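Asker: model this:
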Amino acid sequence: MTTPVTTPVTPPAPAPVIRGNVLVVDDTLVNLRILAEMLAAHGYKVRPVTSGPQALQAGIAAPPDLVLLDINMPGMTGYEVCRQLKQHPATRDVPVIFMSARDEVLDKIRAFEVGGVDYVTKPFHLEELLARVATHVSLRALQRQLETTALALTEEKRRSDELLYSVLPRSVANDLREGKRVPAGSFPDVTVLFSDIVDFTTTASRHSPLEIFELLGDLYTRFDAIVERHPVYKVETSGDCYMLACGVPEAHPRHADAVVAVALDMLDAVAGVTLPGGAPQQLRIGVHSGPVVGGVVGTKTPRFCLFGDTVNIASRMETTSRPMHVQVSESTRQLLDPSRWQIDERGEVELKGRGSMRTHFVRRAP
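Answerer: So this is what the prediction gives:
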């Protein structure tokens, strides 16, 4: 019986570690070959070129981690090459080490003035040059890490700001972030809106909590997008109730018009949308204008809240409105631009705890 012979499988050699990409510029071929072989032997990827124009083209096309640059070259000196590299956005941060037989102080000063980070005098010691290359390649890698970290921090700050501004007015959020106390204030000219879904309690009792959650999530996403397009502030949401205002915390000369514009956009947003059972989704919206008191409530999860009779009347305007109508009080009607809206008087409406008030329905002018 013959024993089969198996050939051992040799594992593939690990890929060499590239310590850095170095662009070497020297018009003397012997120097170029020595530098290229030495750097390659120590793990660097080397791109050798023999002229200034070639160096600019190669560096901009694929920015290296380091440039080793001769000074005395025909046509374009190393000084000019470095100056142009530092002017280009792709290579302005690439470190440049000058190599030259010149040993005058003025030559070195000029090299640093055009953007060089180091200066090596020919003939140079290979170990010294390697140490300088390693130092500046490492510094460049650290610089890139810092740039990446800075970009990540900037993006994270942007996201945090967006989240904060969705909870608090921008000016209030900025004051709180700076550690400033934000006292409550009186705002004399404000328009407040309340909206809710018609027959929401009945709808909620007939469907699962997940269905209701998805319904409100879709509805509030639509409303939030509308709010972003207008100079209004979303105060809060509670169940199917959506509350917003204009004129607080920053005053606005046309606060009533701004809120009515949002209200009609909200009606447009739900037109044709159905509830989980297939019935049309309908809103009731009420609007009232007057003075309010506003301020930050809470410390752990602060909210900017509005208080006062104006808020209460706006809520009553909503509860007594009709489906798919925007009901406004007489005080709001007096502030509206009549050229923008069709205002139909509804008459006297009984408000709980307030007696009767004259109200109106508002539509866009034909």
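
Asker: So which residue is dead centre in the chain?
Answerer: The residue lying closest to the centre of the chain (C-alpha atoms, centre = their mean) is residue 158, at 4.4 Å.

Asker: Name the helix or strand for that residue, please.
Answerer: For residue 158, the element it lies in under DSSP states H and E is helix 126-167.

Asker: What's the first helix or strand after that helix?
Answerer: As the chain continues past helix 126-167, the following element, by DSSP H and E, is helix 170-177.

Asker: The helix or strand hosting residue 296 pairs with which strands, and in what direction?
Answerer: Counting by DSSP H and E, the element that carries residue 296 is strand 283-297. When sheet partners are counted by DSSP bridges, strand 283-297 sits next to strand 185-197 (antiparallel), strand 303-307 (antiparallel), strand 325-329 (parallel).

Asker: chain center to the longest one, what's the gap?
Answerer: For strand 185-197, the distance from its own C-alpha centre to the chain's C-alpha centre is 29 Å (C-alpha atoms, centre = their mean, to the nearest Å).

Asker: Identify each buried residue in that strand, please.
Answerer: When burial is assessed from 16 or more other C-beta atoms under 10 Å, strand 185-197 yields the following buried residues: 187, 189, 190, 191, 192, 193, 194, 195, 196, 197. All C-beta spots, glycine's among them, are computed from the backbone N, C-alpha and C.

Asker: hmm, which two among those are most spread apart?
Answerer: For those, the farthest-apart pair by C-beta to C-beta is 189 and 197; their separation is 29.5 Å.

Asker: Who is the nearest residue to residue 329 once chain neighbours are set aside paired with across the strands?
Answerer: Using C-beta to C-beta, 6 or more residues apart in numbering and skipping the chain neighbours, the partner closest in space to residue 329 is residue 288 (4.3 Å). Note on residue 288: beta-bridge partners by DSSP bridges are residue 192.

Asker: doesn't residue 191 make contact with residue 288?
Answerer: Yes: with contacts defined as C-beta atoms under 8 Å, residue 288 counts as touching residue 191 at a distance of 7.3 Å.

Asker: got any residues that touch both of the two?
Answerer: Residues touching both residue 288 and residue 191 comprise residue 332, with contact defined as C-beta atoms under 8 Å, 6 or more residues apart in numbering.

Asker: quick one: the helix or strand harbouring residue 266 to strand 283-297, angle?
Answerer: Assessed by DSSP H and E, residue 266 sits inside helix 255-270. Put simply, helix 255-270 runs at 130 degrees to strand 283-297, going by axes from the mean of the first three to the mean of the last three C-alpha atoms, to 10 degrees.

Asker: So which residues make contact with helix 255-270?
Answerer: Contacts with helix 255-270, where a contact means C-beta under 8 Å, 6+ apart, come from 189-193, 195, 219, 222-223, 226-227, 229-232, 242, 244-247, 252, 281-283, 285, 287, 289, 324, 326, 328, 332, 335-337, 340-341, 362-364.
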